[in-house]
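K.L.:
Fold the following, please.
(2 chains)
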Amino acid sequence: MEVLLLKVPSFKFSSPICCCSISTRSSSYVKFGIRRFSSVSVSASSTVNEAVTEPSLAAPSLGHTTRPHFPILHQEVNGKKLVYLDNAATSQKPAIVLKTLQSYYEEYNSNVHRGIHFLSAKATDEYESARRKIATFINASETREIVFTRNATEAINLVAYSWGLSNLKRDDEIILTVAEHHSAIVPWQLLAEKVGAVLKFVNLNQDEVPDIDKLQELLSRKTKLVVVHHVSNVLASVLPIRDIANWAHDVGAKVLVDACQSVPHMPVDVQSLNVDFLVASSHKMCGPTGIGFLYGKIDLLSSMPPFLGGGEMISDVFLDHSTYAEPPSRFEAGTPAIGEAIGLGAAIDYLSGIGMQTIHDYEVDLGRYLYERLLSVPNIRIYGPNPLEKIERVALCSFNVENIQATDLATLLDQLHGVAIRSGHHCAQPLHRFLGVNASARASLYFYNTKEDVDNFIQALKDTINFFK
Amino acid sequence: MLSSTFITASHTFLFTQPLNNNNNHSPLTTITHKKLKPPIISSSSIKSQSQNHPILTAPSLPLTTSTITVKLNRLASEFNTLTEPIERVKRLLDYASLLPPFDDSDRVPQNRISGCSTQVWVVSAMDNDGKLWFRADSDSEISKGFCWCLVWALNGAYPMEILHVTEKDLGHVDILGLGLKAKSRINTWHSLLLGMQKAAKDLLIRRELEEKAFCSSMVADDDHGGGVFANGKLSGIGIHGW
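P.N.:
Predicted coordinates for the structure are as follows:
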């Protein structure tokens, strides 16, 4: 059964529907098919459409149906077919996003918010449309709550310098976890140096996830901010953000969530989570690099002073002072990455067309498959919680194999097998120090990966380990 | 990066045999008086040059008097004969196995090279002739292979020779066939060179400071206005030119 829909806004499906083709004209129409997944366990999902019959072995998975949309995946590296398993570092882009970027520059590139001519009006419309798409995608209460930034790192720095400098003072406390990305740690270290605030870090518990009980204990009237990841880029664990936000608000603290690894992979509803700030990067969610966003509750953003000064963020400029624009413009100095923002909008359309719940369900299964297959590798240590013990994990695994350095593994996987994984500290040095290792290897999946990718990776990994014996 | 004090040239803690094992005398004495010819590529070890091979079709290096350059060229030739990635890795791992043991006590943060995705440690020392000698190690077998190659290339050279090696000189030695031109965080090869150059600079400065201190003490001892500096010449100090 296929349904042809016109001018579809972003929406979420509860049944395993995948998008099998996207029109080359952005946001004109999206064609859907009801697919049955051989790789999705029917019993695992409580949201399966009851009209769908038992999974057919012949039905292609989400990975198989979406792979053709990603030109970059169809190449050889070092004489072998590319197996791209580094999605936590950056995602690949579907053809529609590439086409959108090209169309922008070919057809209507113009500076936004400033001109009155046709091209400028069209560019402004598309740019603001992208902002609306992000707002809808994460269920922000209004579009003004979305500030475009260069990436999540810049978004965190914006909060640190703008909200942090004007709200934090000596001995105020900021709570983080040892598993935070450097971008979620360093801006607060810089701020703490300036104002004399204190950073407190929550360690991992025996399941190798941040100890939420300990986090709750650390909260006090001195806590002004809690900075946590939604999903860990190393541990693959998921934090209970709604609970954390409630506890933080009870003591008068704000919550900033690093959603870089969650927004691309699952439905995220900022109102439901009740967070104060949330950041994400486009390039991890099928969008271009150079653009990301900060979500902030409008009353918070309205109270915050500017971050960067310049054009666009002003209202009036005099020689001795200036007045500033309202959010979000107040925080968007200079000419933005217009094409890239519009490209991010196209990425959101694409993801919405598949459905974030569909993507999440597929990845949970594929991630479990990856974990189980990795367990079959001798002398391996996988970090983070064990999904077989019913603790939620996303589709990535950081690991070490005894006596083989992670970078050696990654080098040979690339050189001899065309498999792309990451090695190092993954911008989480404190976490690696806590785990007692210098580096780890990491395979991270996205919805265009397949079980065959996982099988190829495991075979290549076993071959590589044998090579070092 | 300063570690142990002078180690004589006869100290054999480093594996310094040249690749083709046909040049056992001190390389420095051969370069001070004549220009080097372009490296001779052994016909027994190389396949016919491929027009498509990036290293072999790269512009040739200008002639220099640096033994380091000769050695780097040899490395380039050696690895260029190995067109299959697996052969390159195997060769690198062979060289890794040749690295001499490294004291655990030297695996400290002060000796660690920054900019590597693996852990790499280097210790260095200057002998009485002013030449530098290195030892290196890593937790990665591939990085160990890089360590062996670069230690072999730089060992026994004078600091200024080492400081004159550029990333461009290193760039044509594409050991893993990655074709990487831009410096990236994973580039142990370049980071190792930078670390060894820093060590060379530190040792050079230290040597100069020690010599100045020595000269000052000599002048202070001579209260008749004569002595080593009386005629502007230095004596009694083993300063070897470069």
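K.L.:
how much space is there between A:S322 and chain B?
P.N.:
Here A:S322 is placed at a distance of 40 Å from chain B (CB to the nearest CB, to the nearest Å). Any C-beta I mention is one placed from the backbone N, CA and C, and that applies to glycine too.
K.L.:
got the contact list for that residue?
P.N.:
A:309, A:314-316 (CB atoms under 8 Å, 6 or more residues apart in numbering or on different chains).
K.L.:
Over to A:D172?
P.N.:
A:195, A:197-198, A:222-224.
K.L.:
For chain B, which segments count as strands?
P.N.:
B:120-126, B:132-138 (DSSP state E).
K.L.:
Return the most buried member of these.
P.N.:
Of the strands of chain B, the one with the most neighbours on average (mean count of other CB atoms under 10 Å in any protein chain shown) is strand B:132-138, at a mean of 25.
K.L.:
tell me the average confidence for that strand?
P.N.:
When pLDDT is averaged over strand B:132-138, the result is 95.
K.L.:
what packs against that strand?
P.N.:
Secondary-structure packing of strand B:132-138 (3 or more CB pairs under 8 Å, 6 or more residues apart in numbering or on different chains; DSSP states H and E): strand B:120-126, helix B:141-154, helix B:188-221.
K.L.:
Tell me the one of the contacts of A:S322 nearest chain B?
P.N.:
A:G309 (32.0 Å; CB to the nearest CB).
K.L.:
how much space between that closest one and A:H113?
P.N.:
17 Å (CB to CB, to the nearest Å).
K.L.:
in a helix, that's where A:S423 is, yeah?
P.N.:
No. Counting by DSSP: H, G, I helix; E, B strand; the rest coil, A:S423 is not found in a helix; it is strand.
K.L.:
follow-up on the earlier one: which members of the contacts of A:D172 additionally contact chain B?
P.N.:
Among those, proximity to chain B is found for none (CB under 8 Å from any CB of the partner chain).
K.L.:
Just send those back as CSV, with pLDDT too.
P.N.:
Below are these laid out as CSV (pLDDT from 0 to 100):
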residue, pLDDT
A:V195, 97
A:A197, 98
A:V198, 98
A:K222, 98
A:T223, 98
A:K224, 98
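K.L.:
which one of the helices and strands packed on strand B:132-138 lies closest to chain A?
P.N.:
The nearest among these, by CB to the nearest CB, is helix B:141-154 at 5.1 Å.
K.L.:
can you tell me if the closest one touches chain A.
P.N.:
Yes. For a cut-off given as CB under 8 Å from any CB, helix B:141-154 has contacts with chain A, namely B:141-143.
K.L.:
For those residues, which entry has the maximal number of neighbours?
P.N.:
B:S143 (28 neighbours; other CB atoms under 10 Å in any protein chain shown).
K.L.:
okay, that residue: pLDDT?
P.N.:
Listed pLDDT for B:S143 reads 91.
K.L.:
I'd assumed B:T188 was in contact with it.
P.N.:
Yes. Counting by CB atoms under 8 Å, B:S143 touches B:T188, with 4.9 Å between them.
K.L.:
Pull up the overlap in contacts between these two.
P.N.:
B:116, B:118, B:120.
K.L.:
and the stretch 351-469 of chain A, which residues reach chain B?
P.N.:
A:405, A:407-408, A:411-412, A:415-416, A:423-424, A:438-439, A:467-468.
K.L.:
Please flag which of these sit within strands.
P.N.:
Short answer: those in strands (DSSP E) are A:423-424.
K.L.:
Can you add neighbour count and pLDDT and give the residues of the stretch 351-469 of chain A next to chain B back as TSV?
P.N.:
Compiled in TSV, those are given as follows (neighbours: other CB atoms under 10 Å in any protein chain shown; pLDDT from 0 to 100):
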residue	neighbour count	pLDDT
A:Q405	25	95
A:T407	26	93
A:D408	27	94
A:T411	25	92
A:L412	24	93
A:Q415	23	89
A:L416	19	91
A:S423	24	95
A:G424	21	93
A:N438	19	92
A:A439	24	95
A:F467	16	91
A:F468	14	88
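K.L.:
For the residues of the stretch 351-469 of chain A next to chain B, which two are the farthest from each other?
P.N.:
Pairwise distances across those peak at 23.5 Å for A:L416 and A:N438 (criterion: CB to CB).
K.L.:
ok, A:T289 touching A:S91?
P.N.:
No. If you go by CB under 8 Å, A:T289 and A:S91 don't touch, sitting 10.3 Å apart.
K.L.:
Compare these two (neighbour count), which wins?
P.N.:
Ranked by neighbour count (other CB under 10 Å), A:T289 and A:S91 place A:S91 first, with 24 against 16.
K.L.:
which SS class is the more buried one?
P.N.:
coil.
K.L.:
Tell me who's in contact with it.
P.N.:
Contacts of A:S91 by CB under 8 Å, 6+ apart are A:264, A:283-286, A:446.
K.L.:
Just put those in a markdown table and tack on secondary structure.
P.N.:
As requested, the contacts of A:S91 are arranged in a markdown table below (three-state DSSP):
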| residue | secondary structure |
| --- | --- |
| A:P264 | coil |
| A:H283 | helix |
| A:K284 | helix |
| A:M285 | coil |
| A:C286 | coil |
| A:Y446 | coil |
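K.L.:
Could you measure from the residue lying closest to A:N449 once chain neighbours are set aside over to chain B?
P.N.:
Excluding its sequence neighbours, the residue lying closest to A:N449 (CB to CB, 6 or more residues apart in numbering or on different chains) is A:G63, at 5.3 Å. A:G63 is 27 Å from chain B, where distance means CB to the nearest CB.
K.L.:
again, but for A:P264
P.N.:
For A:P264 relative to chain B (CB to the nearest CB), the value is 23 Å.
K.L.:
Run a quick neighbour tally on that residue.
P.N.:
For A:P264, the neighbour count with other CB under 10 Å is 27.
K.L.:
swap in the one 5 residues further on?
P.N.:
Residues near A:D269, counting by other CB under 10 Å, number 14.
K.L.:
Could you do A:K81 as well?
P.N.:
So A:K81, with other CB under 10 Å, has 15 neighbours.
K.L.:
quick one, what contacts it?
P.N.:
A:75, A:418, A:456.
K.L.:
Next: B:L82.
P.N.:
B:L82 touches B:88, B:91, counting by CB under 8 Å, 6+ apart.
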